[in-house]
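Colleague: Give me coordinates for this.
(3 chains)
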Amino acid sequence: MTDLGLAPDIADPPAGRSRSAAPVTGIGTSRRVRYLLRTLALAWVAALLVLPVGFTLYRTFSDGFGPVVDALTDDWAISALRITVIAVAISVPLNTVFGIVCALLIVRGRLPGRSFLSALLDLPFAVSPVVLGLALFVLYGRTGWLGPWLSEHGIQVIFSLPGIVLATVFVSLPYVVNELVPVLDEVGTDQEEAASTLGARAWQTFRRITLPSIRWGLAYGVVLTTARALGEFGAVSIVSGNIGGQTQTLPLYVQDRFEAFDTTGAYAASTLLALIAIAVLLTMTRLTRHREDR
Amino acid sequence: MAVRLPGRVRRRNVAVAPALGVSVTALYLGIVVLLPLAALIAKSAESDFLTAITAPQARAALIFTVVASLTVSVINTVTGLLVAWVLVRDDFPGKGVVNAIIDLPFALPTIVAGLTLLALYGPSSPLGINVAFTRIAVVLALVFVTLPFVVRAVQPVLESLDGESEEAAASLGAGPLTIFVRIILPALRPALLAGAGLAFGRSLGEFGSVVLISGNLPYKTEVASVHIFGLIENGDPAAAAAVSVVLLIASFLLVLALRLLATRGTGGGS
Amino acid sequence: MTIHRPAAIPRSLTRRAAVGAGVLAIAAITACGSGSGSAGGSGDVKLALTAYSTPAEAYKELIPAFQETPAGKGVRFTESYGASGAQSRAVIAGLPTDIVALSLAPDVDKLVKPGLVASDWTEDQYKGFVTDSVVVLVVRKGNPKGIKTWDDLLKPGVQVVTPNPFTSGGAKWNVLGAYGAQLKQGKTEAQAADYLRSLFKNVVSQDKSAREALQTFAAGKGDVLLSYENEAITAQEKDQDVDYVIPDQTILIQNPIAVTTTSKHPEQAEGFVDFLRTEPAQKIFAKHGYRPVLRSALDPTAYPTPPGLFTIDDVGGWDAVNKEIFATDGLLGEIEESLGVTTG
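Modeller: Numbering: from 1, shown residues only, chains lettered A, B, ... in the order given. Sure, this is the predicted structure:
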């Protein structure tokens, strides 16, 4: 089943149990009970998920495609999309590489501080985005720890792209690692050891043996990372300065349009983000199937 | 089939990697995670810590946040179990679609989540349901964003139940409810707790989805993250840091508890 | 012992993924590069404007108008809008900007000490101001509760919306409008303070900025919003169902503007500020609900002068009110805290 990039021991099923092939449809529950449960569950999902998102899509296009296109081709909207894409395009590869290195370290390395490392990796789940934004502000702001040094060297972190990237990297940090650790664990070192006896260098072994064996877990982790990076709002609110056209990401743009009473603009940008989210969902579903057939 | 390799050869190819890996990991985590949090904690020490965290508005925000998050966890435990049950134990056309949708709150940016909820359940609601500026709005937003957690935690466990114990109990004359309460629930308990714990942790710090629909009314619907945001804008980052540290400690303890729970649940090693 | 050779398909997928990531990264870097440069090639000047939350619509018209003038040719702008106090603090924290256009003079004065604005910024014929407005009472369309005066706000059951005076410049104007109106009616300072205490008992929401307070009100919260005249006019233009009342006694809001010392293009920045005080620009401001500082652009039928109009100087000047009313240990600090205890 899809998991959310959570720490492996939490999200995985307990080891040693067999999986049933077909859904066990009864423990003697009557048909009526089954229909009742089904109705309740579907009603809940409908009321909470389907209706709001569906209604938003409807509201966005209720005046036709024209206003939506106009809204999305607004200068600031295009900039917002560009800035968001750039921030994600920098953060995701960084976290992917880190994720692979860190996962290899956790599973294959003989580290004494493994639980400390795992705890550190859990932090992004525990820290509120606003708290993160404040922490970055306190560290890199003009009056912060690194502030004076940064001003002297003319480097702008807060209110500029680097600050946004740092926030995005933090919040999307653990997903690749958490996906890869159980995968690496399960795959084992047999093939790699075999390769090294045959004289393969470390990098060759990695590229030809390790990487292909973790491909689906890696892809899934990358998708989760991307989704989380795209959606970041709270920390970027504080750290970006919300400069339209320069540091205003697409989620910030949604809020900006909403506050300007430009509901069309707000909904248009939201719909764009929602469509991207749905694309992410579909990718997740597709990849899950591959992971399970591994 | 594995062959026992001479130790010297094996070590040669693997020796360099850990040292490099450790430095890269340490540097990365240090810069991205540890340094900002250290600066934050240092900043909180600059404030009159106890005054900042016991200030009436701060206290109200923190208490409300904890209560709301607990409520949300409870709601999600019940509904998440229900949804997971139906997805695993039932079959109907479109089940795959429903299953995929569950992850939507995770993929959707929080501000968009807030906007969509506001559209349907706010002042211009086509259903005539307006909960904006109320505490219910906060709970609604939090339930939305934490919906996937319990469902996804329970699903794999539910799937892996092989039904033997259930059938055995049924053959001994136990009714469905008894079987559910005495056999299924205990098996699901670790997953339920884990999912609920994650929902709780996420709710504690949630910001984007709450900001639009709750009205952020001090003492009424202001959550801790919004209060911290206000303190920052108030030009009091030290007090904001103090309240943040409280929130951090709470969430971190929670995550630690979840880890301990998980290792105990799977029987020891990890 | 056989070595399991990886199948061809997975390897190409991994390779594709790696290539994809690389392409993304390259695209990002090139986009970054092209984004920061201006479309018109090198030699284009870029000015950063940092303003408070409400004049966004006005500046969206003013900037293109400026770009048509000889002084504005080839000048590009970035803009950031937010609560006046918060923006001021952002600039102090390092937000790069060429021009600051804020809600009240103290928010610009705060930038003088760190050396971000020259200490003589008020020494021109407009005393550093670019627009005026007045505090008004914004009500629901048709004014169902019949709110006309400051005293009407104290009636039991009347819900008042005003931004948080500790973040929002607009809120300070509101409070001073209420306070000064009492003084203008002949009450003593003690009575004016009591008025504020009673007023805040009816306040149901304190958003971070004037615009957010308007948002809250427009979304259905409260019976009356304390706001600027120009905000009310903007709301009406955006088809919000509101009316507004100019109370007989109210304060003249004066919005300052200044060029920063850190500006890389002071000449063009000054040119922009000068442009904003010309008749065409002031007329654009007037169109968006602001009262021009330029006499000749002020239309008295659109912007009547209230009989009891007073200024910040009439209530003691910013230094005095900041210390006595707006400090955390001043009057408002005391009011907010007592509110917290009773409504907590």
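
Colleague: Tell me the pLDDT of the residue in the stretch 101-250 of chain C that chain A sits nearest to.
Modeller: In the stretch 101-250 of chain C, the residue found nearest to chain A is residue C:238; the distance is 4.2 Å by C-beta to the nearest C-beta. In short, each C-beta sits where N, CA and C put it, glycine included. You'll see residue C:238 listed with a pLDDT of 84.

Colleague: Show the contacting residues for the nearest residue to it once chain neighbours are set aside.
Modeller: Nearest residue to residue C:238 in three dimensions, chain neighbours excluded: residue A:261, at 4.2 Å (C-beta to C-beta, 6 or more residues apart in numbering or on different chains). By C-beta atoms under 8 Å, 6 or more residues apart in numbering or on different chains, the contact list for residue A:261 reads C:215, C:218, C:235, C:238, C:240.

Colleague: ok but the last one is inside a helix, no?
Modeller: No: counting by DSSP: H, G, I helix; E, B strand; the rest coil, residue C:240 is not part of a helix but coil.

Colleague: ok, it - how many residues close by?
Modeller: Using other C-beta atoms under 10 Å in any protein chain shown, residue C:240 has 17 neighbouring residues.

Colleague: Can you tell me how far it is from residue C:228?
Modeller: Note on residue C:240: its distance to residue C:228, by C-beta to C-beta, to the nearest Å, is 15 Å.

Colleague: next one: the second one
Modeller: Here the distance between residue C:218 and residue C:228 works out to 15 Å (C-beta to C-beta).

Colleague: and these two? which has more neighbours close in?
Modeller: Higher neighbour count among residue C:218 and residue C:228: residue C:228, with 30 against 18, using other C-beta under 10 Å.

Colleague: Could you pull up phi and psi at the more buried one?
Modeller: phi -80, psi 160 (degrees, to the nearest 10).

Colleague: I'd guessed it sits against residue C:253; true?
Modeller: Yes: using C-beta atoms under 8 Å, residue C:228 makes contact with residue C:253 at a distance of 6.0 Å.

Colleague: between these two, what contacts are shared?
Modeller: In contact with both residue C:228 and residue C:253: C:133, C:134, C:135, C:173, using C-beta under 8 Å, 6+ apart.

Colleague: So for residue 196, what pLDDT did the model give?
Modeller: Looking at chain A here, since you left the chain open. 81.

Colleague: sorry, should have said chain C
Modeller: 93.

Colleague: so where is the chain shaky, pLDDT-wise?
Modeller: I'll assume chain A. Along chain A, segments meeting pLDDT under 70 span A:1-29, A:292-294.

Colleague: ah, no, chain B please
Modeller: The model of chain B has pLDDT under 70 over residues B:1-17, B:263-270.

Colleague: again, 50 this time
Modeller: Counting by pLDDT under 50, the ranges of chain B that qualify are B:1-2, B:4-15, B:267-270.

Colleague: tell me the domain boundaries of it?
Modeller: Per the record, chain B has its domains at B:1-46, B:49-265, by automatic domain parsing.

Colleague: if I look at whichever residue of the stretch 101-250 of chain A sits closest to chain B, how far off is chain C?
Modeller: Residue nearest to chain B within the stretch 101-250 of chain A (C-beta to the nearest C-beta): residue A:128, separated by 2.7 Å. Going from residue A:128 to chain C by C-beta to the nearest C-beta, to the nearest Å gives 18 Å.

Colleague: Just list the residues touching residue B:79, thanks.
Modeller: Counted by C-beta under 8 Å, 6+ apart, residue B:79 has contacts A:41, A:44, B:143, B:147, B:150.

Colleague: quick one: which of those residues is most hemmed in?
Modeller: residue B:150 (29 neighbours).

Colleague: Which strand or helix spans the nearest residue to it once chain neighbours are set aside?
Modeller: Nearest-residue entry for residue B:150: residue B:80, 2.7 Å, with adjacent residues in sequence omitted and distances by C-beta to C-beta, 6+ apart. Assigned by DSSP states H and E, residue B:80 belongs to helix B:56-89.

Colleague: Buried residues in that helix, which are they?
Modeller: Going by neighbour count (16 or more other C-beta atoms under 10 Å in any protein chain shown), the buried part of helix B:56-89 is B:56-62, B:64-66, B:68-69, B:71-73, B:75-77, B:79-89.

Colleague: Next secondary structure after it?
Modeller: As assigned by DSSP H and E, the chain's next helix or strand after helix B:56-89 is helix B:95-101.

Colleague: what about that next one, distance to the chain center?
Modeller: Per C-alpha atoms, centre = their mean, to the nearest Å, the displacement of helix B:95-101 from the mean C-alpha position of its chain is 21 Å.

Colleague: packing partners for that helix?
Modeller: helix A:31-45, helix A:263-292, helix B:56-89 (3 or more C-beta pairs under 8 Å, 6 or more residues apart in numbering or on different chains; DSSP states H and E).

Colleague: quick one: is the helix or strand just after it near chain A?
Modeller: Sequence-wise, the next helix or strand downstream of helix B:95-101 (DSSP H and E) is helix B:104-107. Yes: contact of helix B:104-107 with chain A (C-beta under 8 Å from any C-beta of the partner chain) involves B:104, B:105, B:106, B:107.

Colleague: how about the helices of the stretch 101-250 of chain C, start to end?
Modeller: Using DSSP state H, counting those that start in this stretch, the helices of the stretch 101-250 of chain C run over C:105-109, C:169-184, C:189-201, C:210-218, C:229-237.

Colleague: which residues touch the residue positioned nearest the centre of chain C?
Modeller: Nearest to the mean C-alpha position of chain C, by C-alpha atoms, centre = their mean, lies residue C:52 at 2.6 Å. Contact analysis of residue C:52 by C-beta under 8 Å, 6+ apart lists C:81-84, C:87, C:101-103, C:107, C:169-170, C:209-210, C:255.

Colleague: Most neighbours of all the residues you listed, which one?
Modeller: So for those (other C-beta under 10 Å), the most neighbours sit at residue C:170, 34 neighbours.

Colleague: is it fair to say residue C:79 lies in a helix?
Modeller: No: Residue C:79: not assigned to a helix; according to three-state DSSP it is strand.

Colleague: who touches it in this structure?
Modeller: Residue C:79 neighbours (C-beta under 8 Å, 6+ apart): A:243, A:244, A:245, C:48, C:49, C:50, C:51, C:56, C:59, C:63.

Colleague: Identify the farthest-apart pair in the contacts of residue B:79.
Modeller: Using C-beta to C-beta, those reach their maximum pairwise distance at A:41 and B:143, which is 14.5 Å.

Colleague: Minimum distance to chain C, which residue of the stretch 1-150 of chain B gives it?
Modeller: Closest point on the stretch 1-150 of chain B to chain C, by C-beta to the nearest C-beta, is residue B:56, at 3.5 Å.

Colleague: I'd like the distance between that residue and residue B:245.
Modeller: 19 Å.

Colleague: picking up where we left off before, nearest to residue A:160, of the residues of helix B:104-107 next to chain A?
Modeller: residue B:107 (27.4 Å).

Colleague: Distance check, the closest one against residue A:280.
Modeller: The gap separating residue B:107 from residue A:280 is 4 Å, by C-beta to C-beta.

Colleague: Now do the shared contacts for those two.
Modeller: Listed as contacting both residue B:107 and residue A:280 by C-beta under 8 Å, 6+ apart are residue A:227.

Colleague: Just checking the distance from stretch B:149-158 to the centre of its chain.
Modeller: 13 Å.

Colleague: For residue 61, which non-adjacent residue is closest in space?
Modeller: Because you didn't say which chain, this covers chain A. Spatially, and ignoring its direct neighbours in sequence, residue A:61 is nearest to residue A:68 (6.3 Å; C-beta to C-beta, 6+ apart).

Colleague: Can you look at chain C instead?
Modeller: Per C-beta to C-beta, 6+ apart, closest to residue C:61 is residue C:284, 5.3 Å.

Colleague: between the helix or strand in which residue B:152 is found and helix A:31-45, how big is the angle?
Modeller: Per DSSP H and E, residue B:152 falls inside helix B:135-160. Compare the direction of helix B:135-160 with that of helix A:31-45 by axes from the mean of the first three to the mean of the last three C-alpha atoms, to 10 degrees and you get 130 degrees.
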